[in-house]
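[1] Coordinates for the following, if possible.
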Amino acid sequence: MSTLSQLQNYMGSRRLLLPGALVLSALSSLMGMLPFIFIWLIVRELLRSDMNGSQGMVHAYAWWAMGTAIGSVAVYFLALTLSHLAAFRVETTMRRAAMQKIVRLPLGFFDRNTSGRMRKIIDDNASITHSFLAHQLPDLAGSLLAPLVSLALVLVFDWRLGLTCLVPIVASLAIMGFMMGKRGRHFMKSYMNSLESMNTEAVEYVRGIPVVKVFQQTVFSFKSFHNSIMQYRDMVYRYTLM
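    Just a heads-up that it's a prediction; the model follows:
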């Protein structure tokens, strides 16, 4: 939560948009379940032996099912609009703060750090926050609420079926916990470091292309760029085969 609090500081006057997006996303998820309930009510009306007045109820349930389905999409669109406004403000503020700080750094800092590495940290890393804030976080709110409500509804309809549905949920949580454990964090750290290394060496390689053309050198003259690519390949193969 400390990271999320820091990101909210970059939102400025738009910090209230993210909680609003989470609430609307959860509401959209609940509304998306209502059409299935109305369909169940329609089927129950059609299977009743007494058909008196059932046609009117079927039509009413059908209209409610269509209305809630459209409403779910509209609410979700509004939630994404709010989350995107907050995410864009975070990206802009992070880049502006980084540039304001970097212009005050001593010249020795630029001798120790390449422009490719700084571009990766300032530009690319700021863009990574967009997917998390604009998409993944709102979707997480709906993803957490929908299974709980679905399980509650199943338990109300048939508790034996509800207990059966718990088995794949527990199994999936165990698998996700294993994947997102220490090994997953180590892989993500290695992955980001490899990307940063390749980005740094790629910029230096592009800057040295005139030298390559003049002296008729090959790409393997830039051994650091080639080695960074090979290290990235080996890292991916190693974690894929584990």
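[2] Now do the domain split for the chain, please.
    Following automatic domain parsing, the chain resolves into domains at 2-160, 181-242.
[3] can you list these in CSV and add mean pLDDT and distance to Ile169?
    For glycine as for every other residue, the C-beta is placed from the backbone atoms N, C-alpha and C. Output for the domains of the chain, formatted as CSV (pLDDT from 0 to 100; distance: least, Cβ to Cβ, whole Å):
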stretch, mean pLDDT, distance to Ile169
domain 2-160, 83, 7
domain 181-242, 71, 19
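[4] These: which one's closest to Val170?
    Nearest of the domains of the chain to Val170, taken as Cβ to Cβ: domain 2-160 at 11.6 Å.
[5] that older thread, next, format the domains of the chain as TSV and append mean neighbour count and distance to Val167.
    Output for the domains of the chain, formatted as TSV (neighbours: other Cβ atoms under 10 Å; distance: least, Cβ to Cβ, whole Å):
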stretch	mean neighbour count	distance to Val167
domain 2-160	15	12
domain 181-242	13	22
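[6] And the ones you listed: which comes nearest Ser172?
    Closest to Ser172 of these, according to Cβ to Cβ: domain 2-160, at 9.8 Å.
[7] quick one on the thing from earlier: need the domains of the chain in TSV (columns: distance to Leu173).
    TSV is the format used below for the domains of the chain (distance: least, Cβ to Cβ, whole Å):
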stretch	distance to Leu173
domain 2-160	10
domain 181-242	12
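[8] Of those domains, which is nearest Ala174?
    Among the domains of the chain, the nearest to Ala174 by Cβ to Cβ is domain 181-242 (10.8 Å).
[9] tell me which strands and helices the longest helix along the chain is in contact with?
    Secondary structure of the chain per DSSP state H: the longest helix is helix 54-102. Applying 3 or more Cβ pairs under 8 Å, 6 or more residues apart in numbering; DSSP states H and E, one finds that helix 54-102 contacts helix 2-11, helix 17-47, helix 125-131, helix 137-157.
[10] Let me have those helices in TSV, adding distance to Ile175 as columns.
    Shown next, in TSV, are the helices and strands packed on helix 54-102 (distance: least, Cβ to Cβ, whole Å):
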stretch	distance to Ile175
helix 2-11	25
helix 17-47	23
helix 125-131	23
helix 137-157	15
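[11] how near is the one residue sitting closest to the centre of the chain to Thr129?
    Geometric centre of the chain, nearest residue: Gln136, 2.9 Å, by Cα atoms, centre = their mean. To Thr129, Gln136 is 10 Å away according to Cβ to Cβ, to the nearest Å.
[12] do His135 as well
    Using Cβ to Cβ, His135 is found at 11 Å from Thr129.
[13] Arg112 now?
    Separation of Arg112 from Thr129 (Cβ to Cβ): 26 Å.
[14] what's the answer for Ser143, then?
    For Ser143 relative to Thr129 (Cβ to Cβ), the value is 20 Å.
[15] Kindly report the same for Lys120.
    14 Å.
[16] and what of Val43?
    45 Å.
[17] Can you tell me the closest non-neighbouring residue to Ser115?
    What sits nearest to Ser115 in space, not counting adjacent residues and going by Cβ to Cβ, 6 or more residues apart in numbering, is Val203, at 5.9 Å.
[18] What does the one you found show for phi and psi?
    Taking degrees, to the nearest 10, you get phi -60, psi -40 for the backbone angles of Val203.
[19] All set now, cheers.
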